[in-house]
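Participant: predicted model, plus sequence, below.
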Amino acid sequence: MNVTDICSPSSAEYQYYLFPAVYILALIVGLPGNLSAFFVFAFRTSPRTAFSVFISNLALADIVILLTLPFRIHYHLNRNHWVFGDLACRVTGILLFANIYMSICFMTCICVDRYIATVHPHTYLRLKSACCSLVVSVVLWCVVGVAMLVFVLLGPLKRNSGSHSCFENFAEDEWNARLGTFSLLGLVFGSLVPSIIILVCYPLAVRRISRIRTRTAQKAVRVIYTILAITLLCFLPNHVVYLLHFLRRRNVIQSCSAKNAIHDARRVTMALVILNTCMDPVLYYGTTSRCKWKQKMSCLWGRLRRHRGVYTITVR
């Protein structure tokens, strides 16, 4: 008999309150912040640069994550009973997890952009056009889009008998087929590689950038430190625990106590990774001067007010 079959699963009663609270907070704080940032960097930033392209794509990835949360809120408030059908489960689930990986990939792109801009300025002048960043962004979205389409078209997800869960509690043979492959690819290219670049390369880059006393260099340092903080707080715990979760599902880790600890840690780190959508607006605001941000945002609110029939714009 498989060891995982005789382990009593952890009830994790707290998840019915933890996830809705975190998701509602993310919607209240993260959705307005990311929508505003997407508008500013995608439509109000001129000339368009590689940095603004990556920032707007990061905001878009966060928006996609946030749009899936109402389904997850209902799911957890309904005590992990999914009522929207298997197709909706597959689509919202893969959108959520794929865009978590997209977020850290675009953060990595931002780090690379800031590093080249300050340490190799002559190279950056040749790459300053938004064309390269647009190509990179399109390639990332296409790769993830194809992976999501394949995942959805492979058919219903097999869950353990009697389960009404969504994107969890999968049957063992599901992990031996579809989930094992997708999880391994996500761990390597969506977790390991970006994390190594951010956590190893860029603290070393900061040491060199800090010696440069220009405004661009100091802004680059702020960007890198902000991304490091978001990675350490939100992404890295989730990546480590998901690796342990993957090893447990592949029967590398078989201890019942370890299984229950990973089960609980998986839920806590999933809540933390969603809080990334609340912290990213700090990155957006920190990379733009306060005066320019207010000017761009006053234009946005002015358009909204005119749309409602109010034609006077007051900027304080």
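Facilitator: Looks like it came in fine. Numbering: from 1, shown residues only.
Participant: when you work out contacts or count neighbours from here on, use the C-alpha atoms and nothing else.
Facilitator: Noted.
Participant: can you give me the mean pLDDT across the one helix or strand residue 114 maps to?
Facilitator: Secondary structure from DSSP states H and E places residue 114 in helix 86-119. For helix 86-119, mean pLDDT is 87.
Participant: elements contacting that helix?
Facilitator: helix 50-77, helix 121-127, helix 130-153, helix 193-196, helix 202-209, helix 215-230 (3 or more CA pairs under 8 Å, 6 or more residues apart in numbering; DSSP states H and E).
Participant: tell me the most buried of those?
Facilitator: Compared across these, helix 50-77 shows the largest average neighbour count, a mean of 21 (mean count of other CA atoms under 10 Å).
Participant: what helices or strands is it leaning on?
Facilitator: So helix 50-77, by 3+ CA pairs under 8 Å, 6+ apart, packs with helix 15-43, helix 86-119, helix 130-153, helix 276-286.
Participant: could I get those as a markdown table with distance to residue 165?
Facilitator: Shown next, in a markdown table, are the helices and strands packed on helix 50-77 (distance: least, CA to CA, whole Å):
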| stretch | distance to residue 165 |
| --- | --- |
| helix 15-43 | 13 |
| helix 86-119 | 9 |
| helix 130-153 | 17 |
| helix 276-286 | 24 |
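Participant: figure out which of those helices is closest to residue 258.
Facilitator: Closest of the helices and strands packed on helix 50-77 to residue 258 is helix 15-43, at 18.7 Å (criterion: CA to CA).
Participant: which ones are touching the residue sitting nearest the centre point of the chain?
Facilitator: The centroid of the chain falls nearest to residue 100 when counting by CA atoms, centre = their mean (3.0 Å). Contact analysis of residue 100 by CA atoms under 8 Å, 6 or more residues apart in numbering lists 61, 62, 65, 273.
Participant: neighbours around the last one, how many?
Facilitator: So the one you mean is residue 273. Residue 273 sits with 20 neighbouring residues when counted by other CA atoms under 10 Å.
Participant: going forward, begin numbering at 200 instead of 1
Facilitator: Sure thing, new numbering starts at 200, so read that last one as residue 472.
Participant: OK, contacts around it?
Facilitator: Counted by CA under 8 Å, 6+ apart, residue 472 has contacts 299, 433, 434, 437.
Participant: with the first one instead?
Facilitator: With contacts taken as CA under 8 Å, 6+ apart, residue 260 has the following neighbours: 298, 299, 301, 302.
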